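**Student:** Got a sequence here, can you build the structure:
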Amino acid sequence: MASYDLMKTILKNDTLREYIYKTSAYPKEHEQLRELRDATVDKYQMQSNIALPVDEAQLLSVLVKTMNAKKTMEIGVFTGYSLLTTALALPEDGKKAGVEHKVNFIQSNALTVLNDLVNSGEEGSFDFIFVDARKSEYLRFHEMALKQVKIGGIIVIRDVLQDQES
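**Tutor:** Residues are numbered from 1 along each chain as shown. Alright, predicted model coming up:
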């Protein structure tokens, strides 16, 4: 089983972290997610540590399922692990910008797309928004996400306290 270099996590003890992952997180991980995680580690080696860890992905899944989100947005995609996580958590009638019938992937400048969504009447229509993109733009992403999320919706911003240089 592939593992990430997780030095940026709150758990600094590698043995404890691996124990928690092996006994709690990995056994609950969807097979497609495990395959994608392994492929990410194989392809990106040390850079794979920027991908969403399995425990954080499981938290996203719980949030999406608990709130019965139907329309979600992700700002920033590395290999698609978090995108696949939320798509798998959506009900069959849910919509995500697929698990093909659930995802509408738009590869573009996020701020431009967010502005276009506001201008096209999509404002306030998303149940759940996950931000994991250029940290230096987090304030702008947050401001735009506030326009997109429904009242009662959730915005999750990953690594919000991380160095803003990346």
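**Student:** can you confirm residue 155 is in a strand?
**Tutor:** Yes. Judged by DSSP: H, G, I helix; E, B strand; the rest coil, residue 155 forms part of a strand.
**Student:** quick one: it and residue 137, what's the gap?
**Tutor:** For residue 155, the distance to residue 137 equals 15 Å [Cβ to Cβ, to the nearest Å]. (Each C-beta comes from the backbone N, C-alpha and C, glycine too.)
**Student:** same check, this time on residue 63
**Tutor:** For residue 63, the distance to residue 137 - Cβ to Cβ - is 23 Å.
**Student:** Report the contact partners of residue 83.
**Tutor:** 74, 77, 96, 103, 105 (Cβ atoms under 8 Å, 6 or more residues apart in numbering).
**Student:** So it versus residue 123, what's the distance?
**Tutor:** From residue 83 to residue 123 the distance is 22 Å (Cβ to Cβ).
**Student:** before we move on, back to that, now for the contacts of residue 83, which pair is the farthest apart?
**Tutor:** Based on Cβ to Cβ, the longest span within the contacts of residue 83 runs between 77 and 96 and measures 11.6 Å.
**Student:** quick one, which of these two is more surrounded?
**Tutor:** Taking neighbours as other Cβ atoms under 10 Å, residue 77 and residue 96 compare with residue 96 leading, 26 against 18.
**Student:** confidence score at that one?
**Tutor:** pLDDT, residue 96: 53.
**Student:** continuing past the least confident helix or strand in the chain by mean pLDDT, what's the next helix or strand?
**Tutor:** Across the helices and strands of the chain, the lowest-confidence element by mean pLDDT, DSSP states H and E is strand 95-96, at a mean of 56. Using DSSP states H and E, the helix or strand that directly follows strand 95-96 along the chain is helix 110-119.
**Student:** which other helices and strands contact that next one?
**Tutor:** helix 138-148 (3 or more Cβ pairs under 8 Å, 6 or more residues apart in numbering; DSSP states H and E).
**Student:** residues in contact with the helix it packs on?
**Tutor:** 73, 75, 110-111, 114-115, 117-118, 122-126, 129, 131, 133, 155, 157, 160, 164.
**Student:** If any of these are buried, give me the ChimeraX selection for them.
**Tutor:** In ChimeraX, this line selects whichever of the contacts of helix 138-148 come out buried by 16 or more other Cβ atoms under 10 Å:
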select :73,75,110,111,114,117,126,129,131,133,155,157
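**Student:** Helices of the chain, start to end?
**Tutor:** Taking DSSP state H as the test, the helices found in the chain are 14-20, 26-28, 31-44, 54-66, 81-89, 110-119, 138-148.
**Student:** Tell me which of these sits most buried.
**Tutor:** Of those, the one with the most neighbours on average (mean count of other Cβ atoms under 10 Å) is helix 81-89, at a mean of 23.
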